[in-house]
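Asker: Just the structure for this:
(one chain, ligands or ions: 1)
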Amino acid sequence: MFDGLKDKLSGFRKDVEESTDVEDAEEPDEPESAGTTESGAAEPNAEAPAEPSETVDADTRDEGDGTDGSDDNEPSTFQRAKAFATGRIIIEEEDLEEPLWNLEMALLESDVEMSVAERILDTVREKMLGESRKQVETTGELVEAALHDALLDVIAVGQFDFEDRIAEADKPVTIVFTGVNGVGKTTSIAKLSEWLADRGYSSVMANGDTYRAGANEQIREHADRLDRELISHDQGGDPAAVIYDGVEYAEANDIDVVLGDTAGRLHTSDDLMAQLEKIDRVVDPDMTLFVDEAVAGQDAVNRAKEFNDAAAIDGAILTKADADSSGGAAISVAYVTGKPILFLGTGQGYDDLTLFQPEELVASLLGED
Ligand SMILES: Nc1nc2c(ncn2[C@@H]2O[C@H](COP(=O)(O)OP(=O)(O)OP(=O)(O)O)[C@@H](O)[C@H]2O)c(=O)[nH]1
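Answerer: The predicted structure follows:
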């Protein structure tokens, strides 16, 4: 999952390391950095000899000089001071120019939305040139920390605990699903029904997609396989009325959650809005979830924005993440809509629905797990 993006992010780390290595190699063989660094920080040890041939990552090796008698495995205060004094863990703006340009291109190629890529670059730049550089020991760690914060900043927008939300809401909880056809919306409803059952919540499906021929049969197959009740009306019926019947059924039968499908995009966003507004008026759903496929990349991001503009969504489910190498939609949807991704679809089975956890995704993208 998202392997292309993982490779590109590790490319940035290498770029920065190479760019700072070149700088080191070019440094003059004198301790002329004594005084004040470009950042204005005072030199902790102006006597430290410069060692221009060393790379950034070698700077914390204990050279056995015994200056402060510290543990062999720990970089000594002297060594940290020396690294700092010789500028080896200080990243200059110019060191970042080319790596950041490459990173921007890599993000855009991975279908990360433009404003999201810019936000990531701004955060990386700020973290790498800012105070945090003093707390890390190598360029690799600095890049890692900056990317971690920058990715989390965009991915975790609006996150809430879905399970808590279900647990705390009055029952039945009504969830309406919206999104274009063909992206895995119906399968996701079935998967969520199973996910809820695994956590002790019963659910009923209501087919508000009264627009498309064959929609009833399609969702019926899932309902039958999972042994769930399905509420449906004939094609051409009123979607709000179907979901209303679903809520009535849930109330009468002590069912915890109503999962209401809808017809997705109608002819215009006015139609869509009118449909969802009517559902809002008639059943006042607890959540409206937008479903799209991760593999659609930039198209999925644009649709998420469109649907959120037409009728506010509460969160998103990205399907087919198992088949997506780029990761652009997973990185971008929350930042662009202000609403969180709540689940990833990770396969065709009913169990292939994974709660979206920003920290875990970032760790996996950066190879930290
Ligand atoms: N690999 C993979 N396939 C998926 C995933 N989710 C759905 N699919 C497959 O995508 C295909 C379309 O799924 P459906 O749920 O039928 O999608 P749909 O026709 O868009 O449903 P509607 O949106 O209601 O029209 C099916 O073959 C699903 O098995 C997923 O997370 N990973």
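Asker: hang on, Thr354 packs against Leu342?
Answerer: No - Thr354 is not in contact with Leu342 according to Cβ atoms under 8 Å; the separation is 10.2 Å. C-beta here means a position set from N, CA and C on the backbone, and glycine is covered the same way.
Asker: So if I had to pick from those two, which one is more boxed in?
Answerer: With neighbours defined as other Cβ atoms under 10 Å, Thr354 and Leu342 compare such that Leu342 has more, 24 against 18.
Asker: Hmm, the more buried one is touching Gly315, no?
Answerer: Yes - between Leu342 and Gly315 there is a contact under Cβ under 8 Å: 4.2 Å.
Asker: those strands in the stretch 251-369 of the chain, which residues are they?
Answerer: Per DSSP state E, counting those that start in this stretch, the stretch 251-369 of the chain carries strands over the ranges 257-262, 287-293, 315-319, 341-345, 353-355.
Asker: Looking at the protein, what residue ends up closest to the ligand?
Answerer: Residue nearest to the ligand within the chain (Cβ to the nearest ligand atom): Gly345, separated by 2.5 Å.
Asker: Spell out which residues are contacts of both of Leu342 and Gly315.
Answerer: Contact criterion Cβ atoms under 8 Å, 6 or more residues apart in numbering; residues shared by Leu342 and Gly315: Phe162, Leu289.
Asker: on that earlier part again, could the strands of the stretch 251-369 of the chain be laid out in JSON lines, adding mean pLDDT?
Answerer: Shown next, in JSON lines, are those (pLDDT from 0 to 100):
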{"stretch": "strand 257-262", "mean pLDDT": "96"}
{"stretch": "strand 287-293", "mean pLDDT": "96"}
{"stretch": "strand 315-319", "mean pLDDT": "98"}
{"stretch": "strand 341-345", "mean pLDDT": "98"}
{"stretch": "strand 353-355", "mean pLDDT": "97"}
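Asker: With distance to Ser110 added, can I get the ones you listed in JSON lines?
Answerer: Rendered in JSON lines, the data for these read as follows (distance: least, Cβ to Cβ, whole Å):
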{"stretch": "strand 257-262", "distance to Ser110": "30"}
{"stretch": "strand 287-293", "distance to Ser110": "16"}
{"stretch": "strand 315-319", "distance to Ser110": "14"}
{"stretch": "strand 341-345", "distance to Ser110": "16"}
{"stretch": "strand 353-355", "distance to Ser110": "20"}
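Asker: Give the full set of residues in contact with the nearest residue to Glu98 once chain neighbours are set aside.
Answerer: For Glu98, ignoring the flanking residues on the chain, the nearest one in space by Cβ to Cβ, 6 or more residues apart in numbering is Ser19 at 6.3 Å. Ser19 sits next to Asp95, Leu96, Glu98, Pro99 when contact means Cβ under 8 Å, 6+ apart.
Asker: Check those for the minimum pLDDT and say which it is.
Answerer: Lowest pLDDT among the contacts of Ser19: Asp95, with 80.
Asker: wait, that one sits on Asp15?
Answerer: No - the criterion here is Cβ under 8 Å, and Asp95 misses it with Asp15 at 9.6 Å.
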